[in-house]
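Visitor: One predicted model, sequence on top.
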Amino acid sequence: MTGAPVNDVIDELHRRGLIALSTDEAALRVHLAEGPVTYYAGFDPTAQSLHVGHLVQFMVLRALQRAGHRPVVLVGGATGLIGDPRMTAERQLNDRDVVAGWVQRIREQVAPFLDLPAERDGLPAPVYVNNLEWTQPLSAIDLLRDIGKHFRVGQMLAKEAVSARLNSDAGISYTEFSYQILQANDYRELHARHGVTLQTGGSDQWGNITAGIDLVRRTSGAKTHALSTPLVTKSDGQKFGKSEGGAVWLDPTLTSPYAFFQFWLNADDADARTWLPLYSERSAEEVQALIDESVERPAARAAQRALAEELTLLVHGPEQLRQAEAAGRALFGRDDLASLDAGTLTAALTEAGAVTVDGELPSVAVLLQRSGLAASLSEARRTVKEGGAYLNNERVTDADAVPGDDAWLPGGWMVLRRGKRAVAGVQRGA
RNA sequence: GGCGGGUUGCCCGAGUGGCCAAUGGGAGCGGACUGUAAAUCCGUCGGCUUAGCCUUCGAAGGUUCGAAUCCUUCACCCGCCA
């Protein structure tokens, strides 16, 4: 090891558990030590927003940027039209204009992760690209002659996603089979255009990533590198990133900052401890101290709080974090609801989700249903019968009861709750 | 092409004429215990104008006082033979 260049980023990424697979690591360390490296990660527009599952990618991108390397973020306007083969079944193709819209939204969503450190800390500014730029003009002849010649079908068939699909009833379309060629070509283009020599991505992307490395080598002779992140899991085997019925999105209109904060705050103790190193940019010592604290005094939920605070700040910014925290305190605090002032209540309930009621007040059951706390009127009645419905923190016993005028809290609000965690506001209309 | 088996509620899976909105398990939801955890226990788990009514058991039609259960046709899936 004597004389081997020390590289803190790789050490840091290992320490945080962010590296699942890597190409020749010794060579990569040397490469990173030689000077600023331009690296990239790609995001396909398969939905209108990114979700918490994408966050690990940004943690890697940020760590590398902090070490002085230059990030390139690719949004897959072209690959999003083709579809990366999933293990299970063929993807439904989305309309071109729909995908184009998603590209725009995701592009905006990505910005804060890397732009802020660039502006504030003088780190290398990110470059944003869309692979439609070079994939769109590519003719069938160009693709098949210049790029296709470098691909062996045998290797393409051997990729895990492809072989899984070939062996399934679903089979695989030529469209999705071709996906790896396009992603590989992205690496080639970015290597040529921006001097990119490192690609990072999820370990499920490893096959596509290595296809790119091979293509770059065959076409230019250059040696390039790759790192992949592990799949983030939950200790109970459930899928990571789901909460009350849906994905946890980064878009504040799809998942409110309050709900986002609560998602992390409600993590299992075991999960919070394993996730903290992945997502926290605190020092190794601080992270360890938080984990120790979590083991000694689990009820304080130090690890969960750290995750919720850091990530809400990162994704939604300081003002949204402050409001999400205040909302949680207001709604779950020991204080009497009536003692809260109108401003606090308004902020908290707006975060939690609210419905406005004009004119006659409907029954509690109807309010539960309209606020979305219950999916149907039947479910709302059932909830009341089970003792799980609360109005202003008091258990409701009659589903058909109509709240009296004295139920209005400061600011014209009522606090409706289902179970322990699901809260919604009812606001008096005009 | 021939023969046989199958398609049930979010998922798995019982049910072969009335006692079936449909056994059981899982997921989900609520309660208790806790810490707005986990585990455990209890309850709940199609909809509605909720002691009643309406729509569900692959699709359509039929038999019957009455069908998830019987008959016919269609669609899809799975075995065995060719």
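Guide: Sure, I can see it.

Visitor: Residue A:135 versus residue A:188, what's the distance?
Guide: 11 Å (CB to CB, to the nearest Å). Quick note: C-beta positions are derived from backbone N, CA and C, even for glycine.

Visitor: between the two, who's got more neighbours?
Guide: More crowded of residue A:188 and residue A:135, by other CB atoms under 10 Å: residue A:188, with 25 against 19.

Visitor: what sits against that one?
Guide: Taking CB atoms under 8 Å, 6 or more residues apart in numbering, we find residue A:188 in contact with A:147, A:212, A:215-216, A:219-220.

Visitor: do the same with residue A:161
Guide: Taking CB under 8 Å, 6+ apart, one finds A:84-87, A:204, A:207 in contact with residue A:161.

Visitor: any weak-confidence spans in the stretch 101-250 of chain A?
Guide: A:168-170, A:237, A:244-245 (pLDDT under 70).

Visitor: Strands of that one, start to end?
Guide: Ranges of strands in the stretch 101-250 of chain A, per DSSP state E, counting those that start in this stretch, are A:127-130, A:196-202, A:225-229, A:242-243, A:246-247.

Visitor: and the ones you listed as CSV, adding mean neighbour count?
Guide: Converted to CSV, the strands of the stretch 101-250 of chain A look like this (neighbours: other CB atoms under 10 Å):
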stretch, mean neighbour count
strand A:127-130, 18
strand A:196-202, 24
strand A:225-229, 24
strand A:242-243, 15
strand A:246-247, 14
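
Visitor: which one of those lies closest to RNA strand B?
Guide: strand A:242-243 (8.3 Å; CB to the nearest atom of the strand).

Visitor: Identify the residues contacting that closest one?
Guide: So strand A:242-243 is in contact with A:248, A:255, A:259, A:262-263, A:266, going by CB under 8 Å, 6+ apart.

Visitor: sorry, back to before: hmm, which of the contacts of residue A:161 are the buried ones?
Guide: A:84-86, A:204, A:207 (16 or more other CB atoms under 10 Å).

Visitor: any idea which of those residues is the one closest to RNA strand B?
Guide: Using CB to the nearest atom of the strand, residue A:86 comes nearest to RNA strand B of those, at 17.8 Å.

Visitor: out of everything not next to it in sequence, what's closest to that closest one?
Guide: residue A:161 (6.9 Å; CB to CB, 6 or more residues apart in numbering).

Visitor: any idea how far residue A:26 is from the one you found?
Guide: From residue A:161 to residue A:26 the distance is 29 Å (CB to CB).

Visitor: now swap in residue A:227 and tell me
Guide: On the measure of CB to CB, residue A:227 and residue A:26 end up 14 Å apart.

Visitor: how would you label residue A:28: helix, strand or coil?
Guide: helix (DSSP: H, G, I helix; E, B strand; the rest coil).

Visitor: who touches it in this structure?
Guide: Here residue A:28 is in contact with A:10, A:22, A:198, A:225, A:227 (criterion: CB under 8 Å, 6+ apart).

Visitor: In stretch A:106-125, which residues are buried?
Guide: Residues A:106-107, A:109-110, A:113-114, A:117, A:123-124 are the ones in stretch A:106-125 that count as buried (16+ other CB under 10 Å).

Visitor: Please apply the same query to stretch A:90-103.
Guide: Buried-residue list, stretch A:90-103, by 16+ other CB under 10 Å: A:91, A:94, A:99-100, A:102-103.

Visitor: which among those gets closest to residue A:236?
Guide: Checking the buried residues of stretch A:90-103 against residue A:236 with CB to CB, the nearest one is residue A:91 at 28.1 Å.

Visitor: Check which helix or strand the closest one maps to.
Guide: In the assignment (DSSP states H and E), residue A:91 maps to no helix and no strand.

Visitor: quick one on the thing from earlier: can I get the strands of the stretch 101-250 of chain A in CSV including distance to residue A:382?
Guide: What follows is those, written out as CSV (distance: least, CB to CB, whole Å):
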stretch, distance to residue A:382
strand A:127-130, 49
strand A:196-202, 40
strand A:225-229, 42
strand A:242-243, 22
strand A:246-247, 21
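
Visitor: export those strands to JSON lines and tack on distance to RNA strand B?
Guide: Compiled in JSON lines, the strands of the stretch 101-250 of chain A are given as follows (distance: least, CB to the nearest atom of the strand, whole Å):
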{"stretch": "strand A:127-130", "distance to RNA strand B": "36"}
{"stretch": "strand A:196-202", "distance to RNA strand B": "24"}
{"stretch": "strand A:225-229", "distance to RNA strand B": "24"}
{"stretch": "strand A:242-243", "distance to RNA strand B": "8"}
{"stretch": "strand A:246-247", "distance to RNA strand B": "11"}
